[in-house]
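**Q** structure of the sequence below:
(2 chains)
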Amino acid sequence: EVQLVESGGGLMQPGESLRLSCAASGFNVRVNYMNWVRQAPGRGLEWVSLIYRDDIPDYADSVKGRFTISRDDSMNMVYLQMNSLRGDDSAVYYCVRQSHGMDVWGQGTAVTVSS
Amino acid sequence: DIQMTQSPPSLSPSVGDRVTITCRASQGIGDSLAWYQQKAGKAPKLLIYGSSTLQSGVPSRFRGSGFGTHFTLTISSLQPEDAATYYCQKYDSVPLSFGPGTKVAIQ
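**A** Numbering: from 1, shown residues only, chains lettered A, B, ... in the order given. Got it, this is the predicted structure:
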């Protein structure tokens, strides 16, 4: 079964760091574009980051310089390292496979940034 | 960056109604447009990609069309289980922007 399972969310203080993990099963992350998409409470969907097949990353302007996406092909995992967290980073973070459109979504992991 | 807009923001049709949601891109994106359905508390689900290609397993009452800057999602005969928020998304190039969403509440 094709599946994505995120973990690592939690309650953080502004300025802290957090790493989200995404475990893939049923397919290889290295042959797909893998994304992180977030959704703040009561808000719409916001694309955060993408890692291409050749391991090149890309980021939304709102997280550029603070977040880093990476991939471990041997573990079939994708990660999102989030530094200098801010209140507006509070959201459910989804790990998403992009094939034709974003066709496989995880269940999401919640990040709350509050003092 | 290309901006995505949707209209209407919300609607309250009845079961059996034909529903049309419009998505516009501020610049041309070819047919690199996807539609997603999100039910409350759940992850989004891909309905349509390539502007008009139905994702496997999606009911045929969903239809997408458009090219360039103007796109539509049509539900031919609304069913109770179609109550959800619908998002369009461009994927021609980064940023992979989503529209603000259209909430469909069954009357």
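**Q** where does the residue sitting nearest the centre point of chain B fall, secondary structure wise?
**A** Nearest to the mean C-alpha position of chain B, by C-alpha atoms, centre = their mean, lies B:Trp35 at 3.8 Å. Using DSSP states H and E, B:Trp35 sits within strand B:33-38.
**Q** following that strand, which helix or strand comes up?
**A** Trace forward from strand B:33-38 with DSSP H and E and the next one is strand B:45-49.
**Q** that following strand pairs with which strands, parallel or anti?
**A** strand B:33-38 (antiparallel), strand B:53-54 (antiparallel) (DSSP bridges).
**Q** contacts only, for residue 36.
**A** Went with chain A since none was named. A:20, A:22, A:48-49, A:69, A:78, A:80, A:93-96 (C-beta atoms under 8 Å, 6 or more residues apart in numbering or on different chains). Where you see a C-beta, it was placed from the backbone N, CA and C, and this is true even at glycine.
**Q** wait, chain B was what I had in mind.
**A** Taking C-beta under 8 Å, 6+ apart, one finds A:45, A:101-102, B:44-47, B:86-89, B:98 in contact with B:Tyr36.
**Q** show me what from chain B comes close to chain A.
**A** B:1, B:34, B:36, B:38, B:43-46, B:48-50, B:53, B:55, B:87, B:89, B:91, B:94-101 (C-beta under 8 Å from any C-beta of the partner chain).
**Q** buried subset of these?
**A** B:34, B:36, B:38, B:43-46, B:48-49, B:55, B:87, B:89, B:91, B:94-101 (16 or more other C-beta atoms under 10 Å in any protein chain shown).
**Q** what residue lies at the spatial centre of chain A?
**A** A:Trp36 (3.2 Å).
**Q** check which helix or strand the residue lying closest to that residue once chain neighbours are set aside maps to.
**A** Leaving out its chain neighbours, the residue that sits closest to A:Trp36 by C-beta to C-beta, 6 or more residues apart in numbering or on different chains is A:Val48, at 4.3 Å. Taking DSSP H and E as the criterion, A:Val48 maps to strand A:45-51.
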